[in-house]
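K.L.:
Here is a sequence with its predicted model. Questions after.
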Amino acid sequence: MKKIVRISIMTLCVVALATSCNRRPLEDMLEKILLKVTVNLDGVSNVTCDIYNPDVQIPDTNTDMLRVMVYDRDSHALITQSFISSKTFDADGHQVISGELNISYGNYDFLVYNFDTPSTLIKDETNEDSILAYTSEISSASASRYIGNISYSGTISYQPDHLMVSRDKDYRISPHSELTVVETTAYTVIDTYYIQIPVVGLQYVSTASVVVTNLSPSNHIGPNERATSPSTAVAVDLIKSTDPNLAGDDKGVICGVFNTFGKLDDNAVAIFTIYDTAGNVHQKEVSLSSIYKTEDAIEHHWLLIDDSWVIDDPVPVKPQNGGFQPLVDDWE
């Protein structure tokens, strides 16, 4: 009887030993993802569609680097950030920027935007709700060149570059042992407008510009909220061109496009400045209230002014203090 018991115990030990020594492959969880961001600018007026005047240069929207911001989904505080810059194009011609990001599994808020913007600046990025895109104010010397003799007490800011932003709230990164691909799409937070005014006597125009007032100064890009106070203006250098849609023999115009964080309301003015070939300054202030309400402005962001501006054959400016009057085309 004792022998039988001894054999049973040994048998159990062998079985237990065989079970405990069973080898299984170990899978380490990766703390890394591959982020692919498609930059979609389809339907952006005066950039990828609704081109009113082919003579006007289209704003640059190419990008080579994106900044990836990862925020806590509850506190919205910044957890980590990275930069991605591997660039390809999809079948529709959209830019696709990709790169790897070190991050553990969990739920996060992702905010991605293009980083290579000379004029559009970013601040307060440590919190998703406060991160702000804005532009700085132009110098007083530049402002005086654009404003001239017209009274204007507001600020004039640099035009923002197109800022393409992707937002993904409460995005789940599941535990994974292979590289997980996260795909998202970025869209611009900037509006582009085309503006023109007919000019009779276009041959006498040397340089031209316009200041457009009552525009948003910034955008909280986390919640995508445009600031409404204080308003700002942007200054735009214009070109001489023609508009075949105008009636009559005089089809000359001065025109251009400008970027903005958005208009605040229709109560705005356009302050045009022309330097003629003799160095004289001509200025004209035009209300945009009714123009913003037109179908062209609403559907296409075209600000088309009907009333022609007449520039006569200029009389040379009388010399002062030796007769030297500096006038440099497109000086900024």
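P.N.:
Sure, I can see it.
K.L.:
any idea where the strands of the stretch 51-200 of the chain begin and end?
P.N.:
66-72, 78-84, 86-89, 95-101, 106-114, 121-123, 132-134, 156-157, 164-173, 180-188, 191-200 (DSSP state E, counting those that start in this stretch).
K.L.:
So which of these is nearest residue 225?
P.N.:
Proximity to residue 225 (C-beta to C-beta) singles out strand 132-134 among the strands of the stretch 51-200 of the chain, at 9.8 Å. Heads up, the C-betas are built off the backbone N, CA and C, glycines and all.
K.L.:
May I have the strands that pair with that closest one, each with its orientation?
P.N.:
strand 121-123 (antiparallel), strand 218-220 (antiparallel) (DSSP bridges).
K.L.:
highest average neighbour count across those strands?
P.N.:
Ranked by average neighbour count under the criterion mean count of other C-beta atoms under 10 Å, the strands paired with strand 132-134 are headed by strand 218-220 at a mean of 20.
K.L.:
Give me the next element, helix or strand, following that one.
P.N.:
strand 225-226 (DSSP states H and E).
K.L.:
and for that following strand, what are the contacting residues?
P.N.:
Identification of contacts with strand 225-226 by C-beta atoms under 8 Å, 6 or more residues apart in numbering yields 216, 218, 219, 220, 261, 262.
K.L.:
ok, now with 10 Å
P.N.:
Contacts of strand 225-226 with the rest of the structure, by C-beta atoms under 10 Å, 6 or more residues apart in numbering, involve 129, 132-133, 189, 191, 215-220, 260-264.
K.L.:
if we can go back for a sec, got the strands paired with strand 132-134 as JSON lines, with distance to residue 206 and mean pLDDT columns?
P.N.:
Shown next, in JSON lines, are the strands paired with strand 132-134 (distance: least, C-beta to C-beta, whole Å; pLDDT from 0 to 100):
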{"stretch": "strand 121-123", "distance to residue 206": "33", "mean pLDDT": "98"}
{"stretch": "strand 218-220", "distance to residue 206": "34", "mean pLDDT": "98"}
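K.L.:
possible to save these as a markdown table with distance to residue 297?
P.N.:
Shown next, in a markdown table, are the strands paired with strand 132-134 (distance: least, C-beta to C-beta, whole Å):
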| stretch | distance to residue 297 |
| --- | --- |
| strand 121-123 | 28 |
| strand 218-220 | 21 |
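K.L.:
Tell me what residue 195 is bridged to.
P.N.:
Note on residue 195: beta-bridge partners residue 256, residue 303, judged by DSSP bridges.
K.L.:
Return the member of the contacts of strand 225-226 nearest to residue 231.
P.N.:
residue 264 (5.5 Å).
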